[in-house]
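show me the folded form of this:
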Amino acid sequence: MNVSYSIRPANKYDASALAEILTESWKQAYINLLPTTELNATANREKYAAVFSIMLEDSLNRFLIAHDRKTPCGMIFYRPARDTDSNGFAEIVSLYTLQPYWGKGLGQLLMSKALSEITPIYRGIYLWVFKDNTRARNFYQKNGFYVDGKMKTEKFSNQPQSIRYIKLLNNNLNDLNL
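Residues are numbered from 1 along each chain as shown. Here you go, the predicted model:
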């Protein structure tokens, strides 16, 4: 596959494309992690297009969208930390690429672009990932994230666990006051 990626900040006109990327990625990535009926109900493209339209108006929310030529194919969404024990951190809320782009370097490009924006502003970054999502966990570990011991149970009938990964920025290795 000969690809030519471009990454730019998303705007209100990208809400449908972001929703498409998110929901289609979920269906592929979580097929063995979540009950099928709940996964399909949660991965509602129209709902997310409406939600993203509103979220894109909030300056605290930062969405980047990737294209392969003119085809939207990946996204990352970060914002200031929502977890109360992570003051001064950014949170990666979503990082998804469409399944045909898995393993092709697009996720790494999105992560690198986001980190280049986050590093000068925040002292660290965190994200939540399903404990059983080995592919994603390996990706985050490769990018210098590590498990900090925080866990939560997600609201699906099979009660999957999510674990929190963090990454300290600006070589702030002595700053572990999360």
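
where does this protein dip in pLDDT?
In the predicted model of the chain, residues 1-3, 171-178 satisfy pLDDT under 70.

in it, which residue is most central in space?
Geometric centre of the chain, nearest residue: residue 94, 2.0 Å, by Cα atoms, centre = their mean.

beta-bridge partners for that one, please?
residue 77 (DSSP bridges).

strands of this structure, start to end?
5-9, 62-68, 71-80, 89-97, 124-130, 146-153, 161-168 (DSSP state E).

redo those as a markdown table? Include distance to residue 47.
For glycine as for every other residue, the C-beta is placed from the backbone atoms N, C-alpha and C. A markdown table is the format used below for the strands of the chain (distance: least, Cβ to Cβ, whole Å):
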| stretch | distance to residue 47 |
| --- | --- |
| strand 5-9 | 23 |
| strand 62-68 | 17 |
| strand 71-80 | 16 |
| strand 89-97 | 15 |
| strand 124-130 | 20 |
| strand 146-153 | 22 |
| strand 161-168 | 21 |
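
tell me which of those sits nearest to residue 33.
If you check each of the strands of the chain against residue 33 by Cβ to Cβ, strand 124-130 wins as the nearest, at 5.5 Å.

and the angle for that closest one with strand 71-80?
Angle, strand 124-130 to strand 71-80, by axes from the mean of the first three to the mean of the last three Cα atoms, to 10 degrees: 120 degrees.

tell me what strand 124-130 is packed against?
Judged by 3 or more Cβ pairs under 8 Å, 6 or more residues apart in numbering; DSSP states H and E, strand 124-130 is in contact with strand 89-97, helix 134-142, strand 161-168.

what comes up buried for the second one?
If you call a residue buried by 16 or more other Cβ atoms under 10 Å, then helix 134-142 has these buried ones: 136, 137, 139, 140.

the first one contacts residue 127, doesn't it?
I take that to be residue 136. No: between residue 136 and residue 127 there is no contact under Cβ atoms under 8 Å: 9.1 Å.
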